[in-house]
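Colleague: 3D, please:
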Amino acid sequence: MKKKYEVEHAGVSMIVEIDHSVLSDERLHEFNDFWTNPKNRLSDSNGDITETVLRLLMKDVYLIQAKNNYTTEGVVEEFNWDKNRGIEGWVMMDGSNGIKIISVDEFEFDDILIGDMGEIKND
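Modeller: Down below sits the predicted model:
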């Protein structure tokens, strides 16, 4: 069974497709267990392993986006182990392993605020 999920963080939205017939709960637990504090993350998601993994994925995708300002294609390529890339703890995100990043919003920097903090006096 394939399902699509939308994950949002700090104004960035990501759409992910998971084929649960390929990417079982057991496999999702392997992603979560790769990093420290898996029980806490799972608890933070009310025991929902899919939500837990999507939160983890969003964190990495968000950092990739912030650092590189990639399109969706660029983000997916960062997970591509066949092209000497790959992200530790993850599989390729092209659907070949039951998970596919469909889209990721590009960062917008239009809302940067600058405030005048006043003149600096010399002591």
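Colleague: give me the most central residue, this protein.
Modeller: For the chain, the residue nearest the mean C-alpha position is M58 (2.1 Å; C-alpha atoms, centre = their mean).
Colleague: ok, the residue nearest to that residue when sequence neighbours are not counted - contacts?
Modeller: Excluding the flanking residues, the one nearest M58 by C-beta to C-beta, 6 or more residues apart in numbering is V7, at 4.6 Å. (Glycine included, C-beta is placed from N, CA and C.) Neighbouring residues of V7 by C-beta atoms under 8 Å, 6 or more residues apart in numbering: S13, M14, I15, V16, L54, R55, L57, M58.
Colleague: quick one: the helices in this protein?
Modeller: Along the chain, counting by DSSP state H, helices occupy 25-34, 38-44, 49-68, 72-78.
Colleague: export those helices as CSV, with columns for distance to G98 and mean pLDDT.
Modeller: Shown next, in CSV, are these (distance: least, C-beta to C-beta, whole Å; pLDDT from 0 to 100):
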stretch, distance to G98, mean pLDDT
helix 25-34, 7, 94
helix 38-44, 19, 94
helix 49-68, 11, 94
helix 72-78, 14, 94
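Colleague: with respect to E108, which of those helices lies nearest?
Modeller: When the helices of the chain are compared by C-beta to C-beta, helix 49-68 sits nearest E108, at 11.0 Å.
Colleague: good, wrapping up.
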